[in-house]
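Novice: Okay, here's the prediction I keep looking at, along with the sequence it came from:
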Amino acid sequence: MKKATLAVLSIAAILTLAAWAVDVSGTWIMSRPGRDGQMMDSEITIAQEGNKIKVTMPGFRGGDPITSDGTIEGNAIAWKVVRQGPQGEMVIEYKGTVDGATMKGTMSMMEREIEWTAKKK
């Protein structure tokens with residue numbers, strides 16, 4: 001009996017934590033420095049279901065949009081993009097925090113880390 005009660009309480013706790021996840025659904029304007037240091041803006045769309053997210057971003061050099069999966073845990077957001085470039089496959093990992101209608105974080109690629117910000121549209 002104690003095990004069943006503990007199991008029910010554990011499931012309830014997990015569902016409560018998932019409900020506390022920030023809602024990031026919608027369109028965001030992401031800003032990051034380009035190769036020349038000038039800030040570049042791009043529109044990203046995030047669909048959220050619980051703590052799972054699907055991020056749609058512009059394609060490489062104007063190509064087809066890229067969609068990737070990620071997570072939102074509390075106010076921590078993360079997703080990974082795999083792009084095909086001239087030198088082959090490139091993996092970009094995005095990690096950040098959400099604060100209301102703004103986000104900020106870093107994107108890691110090819111042993112470099114670049115800061116980004118985003119504002120909900």
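Specialist: All right, it came through fine.
Novice: Now residue 103: closest residue in space, sequence neighbours ignored.
Specialist: residue 118 (4.3 Å; Cβ to Cβ, 6 or more residues apart in numbering). Any C-beta I mention is one placed from the backbone N, CA and C, and that applies to glycine too.
Novice: That neighbour looks like it's in a strand, true?
Specialist: Yes - counting by DSSP: H, G, I helix; E, B strand; the rest coil, residue 118 falls inside a strand.
Novice: That one: neighbouring residues, count only.
Specialist: By the criterion of other Cβ atoms under 10 Å, residue 118 has 25 neighbours.
Novice: Enumerate every residue touching residue 118.
Specialist: Residue 118 is in contact with 28, 29, 30, 31, 44, 96, 102, 103, 104, counting by Cβ atoms under 8 Å, 6 or more residues apart in numbering.
Novice: Now render those residues as CSV, adding distance to residue 73.
Specialist: Compiled in CSV, the contacts of residue 118 are given as follows (distance: Cβ to Cβ, whole Å):
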residue, distance to residue 73
28, 18
29, 23
30, 20
31, 24
44, 19
96, 12
102, 18
103, 14
104, 16
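Novice: if you skip the residues just before and after it, what's nearest to residue 45?
Specialist: Of all residues not flanking residue 45 in the chain, residue 56 sits nearest, at 4.5 Å (Cβ to Cβ, 6+ apart).
Novice: The one you found bridge partners, please.
Specialist: In this entry, residue 56 is beta-bridged to residue 45, residue 67, by DSSP bridges.
Novice: and residue 39, how many neighbours?
Specialist: By the criterion of other Cβ under 10 Å, residue 39 has 9 neighbours.
Novice: For it, give its distance to residue 52.
Specialist: 30 Å (Cβ to Cβ, to the nearest Å).
Novice: I'd like to know which of the contacts of residue 118 are buried.
Specialist: The neighbour-count test (16 or more other Cβ atoms under 10 Å) marks 28, 30, 44, 96, 103 as buried among the contacts of residue 118.
Novice: What backbone torsions are found at the first one?
Specialist: For residue 28, the backbone dihedrals are phi -130, psi 150 (criterion: degrees, to the nearest 10).
Novice: quick one: it from residue 86, how far?
Specialist: With the distance defined as Cβ to Cβ, residue 28 ends up 28 Å from residue 86.
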